[in-house]
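In: predicted coordinates and the sequence they were generated for:
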Amino acid sequence: MTTSRAAWLFITPALIILGLFFLLPVVAALVLSVTDYDLYALADIRNLRFVALENYWTLLQRPLFWSALGHTVYFVVVGVPLSLMASLGAAMLLNSPLARFKPFFRTALFAPVVTTVVAVAVIWRYLFNTKYGLVNYVFDAIGIPTVDWLGDPNWAMPTIILFAVWKNFGYNMIIFMAGLQAIPGDLYEAARIDGASAFAQFRHITLPMLKPTMVMVSILTVSGYFQLFAEPYVMTEGGPLQSTTSVLYLMYEEGFKWWNLGSASAVAFILFVIMFVVTAAMLRLSKRGEPA
Amino acid sequence: MKRFARTLRFTLALALATAGVAGCAKKEEGTRTLQFWTIGREGEAVAKLLPEFEREHPGLHVEVQQLPLTAAHQKLLTAYAGDSTPDITQLGNTWIPEMMALGALEPLDARVAASKVVDPKDYFAAIWATNVIDGRLYGVPWYVDTRLLFYRKDLLAKVGYDHPPRDWAEWRAMMAKLSQPPGKAYGVLLPTNEFEQLLALALQSDDPLLRDDGRYGNFRSPGFKKALAFYVSLFKDQQAPMMTNVGIGNPWAAFGQGFFAFYLSGPWNIGEFRQRLPKEQQGDWGTTPLPGPTGPGASNAGGSSLVIFRRSQHKDDAWALVEFLSRPAVQARFYEILGDMPPRRSSWEIPALKNDDKTAAFRDQLERVKPTPPVAEWERIVTEMQLVAAQAAHGDLTIDQAAEEIDRRADRLLEKRRWMLDHGKKATP
Amino acid sequence: MSPRVAKALINGLLIGAAVIAIAPLLYMVSVSFMPQGQASSLPPPVLPKNATLDNYRQLFMNAGMGRYLFNSLLISTAITLISLAFNLMAGYAFAKLEFRGRQRIFQVLLGALVIPAQVAMLPLFLLLKYMGLVNTYGAVIVPALATIFGIFLVRQYASGIPDDLMEAARIDGAGEFRIFATIVMPLLKPIMVTLAIFTFLAAWNDFMWPLIALTGQEHYTLPIALASLSREHVQDSELMMAGSVVTILPVLVLFLALQRYYLEGLLLGSVKG
């Protein structure tokens, strides 16, 4: 048997799976998004019609779509920087030569990452319960006015952001730690001899040296955060007053609650395009500052 | 009380589980299992009725699955899409057209014709009619639900009335006197996120809500506009508070405190008020049929039916269960356990229903209920209707603008239906 | 700042961060042992009074938790084992075997990485429905049997294997499958462990797709069952906490046992940019 034939045998199972259950559906989604596939079509395929770009057009006119997009952008714009700051902060603490019990702390800080969203949302929901939650109890005890965390449309999204940061910061922390370890120690040595403060060292050495890591981590985190779904699904069911309805939540409701698969596919594609444009722009911007 | 209900639920669940385990253990050959889905509280109550059914039908086991009320509609559609429907389910009668359009339901005409138990003439006509689509029967009513007025007799007496309102004009006059001081007390509570109240008022008109065989909205009809104008004016004149049922929080306490004197709501609230209002206030409240534009008016023919799925492998067994749950004696017990009102006139003969002054108004109203248009899109249409009506109540739209807007949205939702009707298509294979 | 103060500050901050990260998880365990209703009392109890196993008993006796645990284990294990085989073979082939179109196919796969999985979900549901797989374990297992990420990870790692080893075997007349099984696989062991634990965790924690594809509760995985239970039993905090503990514990233990591999894989997978 030739190497080439063997190679094909090696990759065929994976390619069949990926082709049939991922690439084909992606193409099909594009087709679906220009039809009015709904419950009637599910019952009888002859009830399917080609509607061109109508799904997209209708969607752009729906206030709910824009508010869902707004909530998602809110989650990304506030959540990603907070997440990255928490990750970088934790990584720097762990990377400090003064830190003790590093393996223990690393494991502890990373633990939330491997937990199941739905399961930790349960405890989070309890901690932030308006009446019986520990958070409001502490607030009350130290004289801060309590908040209806998940019941107030203004506070539900911030609460979900806090949850997401807590759940996810450990992941990027590990990547940042590797990035920090790759920075040559003599750079800091030289800066110290020049009398640079800790903050100056951070600004002029750590940040520039971390830039490639930072760019990659931001892009990955942004595309991850655009896919907000499970958190609002279990914590708020998209409410209150639809204030935590994200784009994916809208897709889920449109597709699997009302079974308008056509317009739900349009939602999915618009999200894809937005994610693509945003991450590509981030990549472009990050390259602009570099010497050609 | 809530905790009690919870304990009860768990004890029940435990009992069921034990029964299930025991059932499995002695499962003989030929034992059939019937999948029965219920929505909300009915599951707990029906579990108490089923042992008798299983005794009557040896070798048949009924497995009850309780769908939470908020997730029921989605779960049913998902089950349909995933080919995992049960044998028999409880189904809100406004959802029947939708499931029927999908071809998911088994027609029941022949079975009813042959039945000694299910007698169509014994059922409230309008309730029965909600199960009939294009001349075929797809469900048997299980319990009924309609909306009427709960009111405070003592507050009404204070402003000089010794009887409840009979028509809109009288009702208006009462509410004007009751809404004093403005903004502190109100005539009536109409939660702005619920469509049932406006719908009940709209059904009182002779104009249908959809026209041309359900092809278009008919919300620009004089009848609907009159109902909408009446509804909106209650908010404008501060006779109804601009509040959702989330905003009002605990409507029973607010009713007891006299925050509002009329409450347009359904049968389950009889039990709630009996339980939640203090003893000394129990004589102060009553129920009365919904007043119409000129005398006693109609209300909506709501409730749940029992339907059998086309995919079921046990249709005869499922029908046996439908017949069992339709017996007047069983319905009477069901009422005693849960307070769900029976759809048959003969079931209303039991003393618990007949001699209760609070349920009498419902008995009266049930002779004057009207079904909603049997189109699959109805749930979404009324949802849109209420969203627009709330804007009108808020003063953002005039009556004409609102009516036009509802028609526009309804027409858009009905677009696919029109296309299917015009092309002679039927979703049913 | 004196070194001593700096040291106290840094370690103090680390302790604070660790408490924030871990305390909710410990609190969850604590509440799961409280008798029913105790969590809804004021002040919020931190430790259970009259600790009880009732919640766990109820979960397994009445709520069918045993079934869901079984489903989760079955689905995650099946995905892990089979996808490991498929990804290993494909990743190795892309790294070490010459064939026409190798570059182009791999480019396509890399390009597809930017497409969020959700885009494929709607047609995938229909596809599986017509295949009769909706509401079976297969609906969740089959689409997960190969991942671009996994192939990529293996390819990265396998590139480091010296070609001489395979060449020598080929000259000795060994077939490609024997080379793969006897020479390559042992060398790939570390990445196998890494990929296995990654896959298992991802499969265990997956939410959106099982939520869509498993329409009947007899097939629910733990996260789906928990989400559905917590909608019905909003008031029963103690019971839900016990459910959460059961859901999280297996993956947490797995992670603690194999965290070195997991963290390595995380770094390997993230340098693709």
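Out: Thanks, I have it.
In: touching, B:Leu189 and B:Ala240? I think so.
Out: Yes. Look at B:Leu189 against B:Ala240 with Cβ atoms under 8 Å: they come within range, at 6.7 Å. For every residue, glycine as well, the C-beta is placed using N, CA and C.
In: which one of these two has more residues nearby?
Out: B:Ala240 (26 against 22; other Cβ atoms under 10 Å in any protein chain shown).
In: which pLDDT does the model give the residue lying closest to that one once chain neighbours are set aside?
Out: Counting by Cβ to Cβ, 6 or more residues apart in numbering or on different chains, the nearest residue to B:Ala240 once its immediate chain neighbours are dropped is B:Leu234, at 4.1 Å. pLDDT for B:Leu234: 95.
In: tell me what the helix or strand B:Leu234 falls within is packed against?
Out: Assigned by DSSP states H and E, B:Leu234 falls within helix B:222-236. When contacts are defined as 3 or more Cβ pairs under 8 Å, 6 or more residues apart in numbering or on different chains; DSSP states H and E, helix B:222-236 sits against helix B:196-203, helix B:378-394, helix B:399-413.
In: if we go to 10 Å?
Out: Under the contact definition 3 or more Cβ pairs under 10 Å, 6 or more residues apart in numbering or on different chains; DSSP states H and E, helix B:222-236 sits against helix B:168-178, strand B:186-189, helix B:196-203, helix B:378-394, helix B:399-413.
In: buried stuff in that helix?
Out: Within helix B:222-236, the residues that count as buried by 16 or more other Cβ atoms under 10 Å in any protein chain shown are B:223-232, B:234-235.
In: same check on stretch C:221-238?
Out: Result for stretch C:221-238 [16+ other Cβ under 10 Å]: buried residues C:221-230, C:232-233, C:235-238.
In: show me how far that stretch is from its chain's centre.
Out: 21 Å (Cα atoms, centre = their mean, to the nearest Å).
In: check contacts around the residue nearest to C:Leu187 when sequence neighbours are not counted.
Out: Sequence neighbours aside, C:Ile161 is the residue nearest to C:Leu187 in space, at 5.5 Å (criterion: Cβ to Cβ, 6+ apart). Residues near C:Ile161 by Cβ atoms under 10 Å, 6 or more residues apart in numbering or on different chains: C:92, C:95-96, C:183-184, C:187-188.
In: dump the helices and strands packed on helix B:222-236 to JSON lines, plus distance to A:Thr236 and mean pLDDT.
Out: Shown next, in JSON lines, are the helices and strands packed on helix B:222-236 (distance: least, Cβ to Cβ, whole Å; pLDDT from 0 to 100):
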{"stretch": "helix B:168-178", "distance to A:Thr236": "36", "mean pLDDT": "95"}
{"stretch": "strand B:186-189", "distance to A:Thr236": "26", "mean pLDDT": "94"}
{"stretch": "helix B:196-203", "distance to A:Thr236": "25", "mean pLDDT": "95"}
{"stretch": "helix B:378-394", "distance to A:Thr236": "20", "mean pLDDT": "90"}
{"stretch": "helix B:399-413", "distance to A:Thr236": "26", "mean pLDDT": "94"}
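In: could I get those as TSV with distance to chain A?
Out: Below are the helices and strands packed on helix B:222-236 laid out as TSV (distance: least, Cβ to the nearest Cβ, whole Å):
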stretch	distance to chain A
helix B:168-178	29
strand B:186-189	20
helix B:196-203	20
helix B:378-394	8
helix B:399-413	9
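In: so for chain C, which of these sits nearest?
Out: With Cβ to the nearest Cβ, the closest approach to chain C among these belongs to helix B:378-394: 19.8 Å.
In: if you tally nearby residues, what's the number for B:Asp206?
Out: B:Asp206 has 8 neighbouring residues, counting by other Cβ under 10 Å.
In: get me the contact residues on chain B for chain A.
Out: Applying Cβ under 10 Å from any Cβ of the partner chain, we find that chain B lies next to chain A at B:70-71, B:73-75, B:77-78, B:80-81, B:98-99, B:101-104, B:193, B:244, B:246, B:376, B:379-380, B:412, B:415-417, B:419-420, B:423, B:425-429.
In: quick check, the least confident helix or strand in chain A by mean pLDDT touching chain B?
Out: Least confident helix or strand, chain A: helix A:39-43 with a mean of 87, by mean pLDDT, DSSP states H and E. Yes. Counting by Cβ under 10 Å from any Cβ, chain B has neighbours in helix A:39-43: A:39-43.
In: could you measure from the closest residue to chain C within the stretch 201-350 of chain B over to A:Ser67?
Out: Residue of the stretch 201-350 of chain B nearest chain C, by Cβ to the nearest Cβ: B:Arg311 (12.6 Å). From B:Arg311 across to A:Ser67, the span is 38 Å (Cβ to Cβ, to the nearest Å).
In: where in the stretch 1-150 of chain C is pLDDT low?
Out: Scanning the stretch 1-150 of chain C for pLDDT under 70 picks out C:1.
In: switch the cut-off to 80
Out: Applying pLDDT under 80 to the stretch 1-150 of chain C flags residues C:1-2, C:42.
In: which parts of it sit against chain B?
Out: Within the stretch 1-150 of chain C, the positions adjacent to chain B are C:36-37, C:40, C:54, C:57-58, C:61-64, C:125-126, C:128-129, C:132, C:134-136, C:139 by Cβ under 10 Å from any Cβ.
In: center of chain A - which residue?
Out: A:Tyr225 (1.7 Å; Cα atoms, centre = their mean).
In: how about chain C?
Out: Centroid-nearest residue in chain C: C:Leu201, 1.5 Å away (criterion: Cα atoms, centre = their mean).
In: hang on, the earlier thing: helices - which of the residues of chain B next to chain A land there?
Out: B:73-75, B:77-78, B:80-81, B:98-99, B:101, B:246, B:379-380, B:412, B:415-417, B:419-420 (DSSP state H).
In: could I have the buried ones of these as PyMOL selection syntax?
Out: Here is the PyMOL command that selects only those of these that count as buried (16+ other Cβ under 10 Å):
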select buried, chain B and resi 73+75+77+78+80+81+98+99+101+379+380+416+417+420
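In: residues near the residue of the stretch 151-292 of chain A at minimum distance from chain C, how many?
Out: Chain C sits closest to A:Met216 of the stretch 151-292 of chain A, with a gap of 3.7 Å, by Cβ to the nearest Cβ. By other Cβ under 10 Å, 19 other residues sit near A:Met216.
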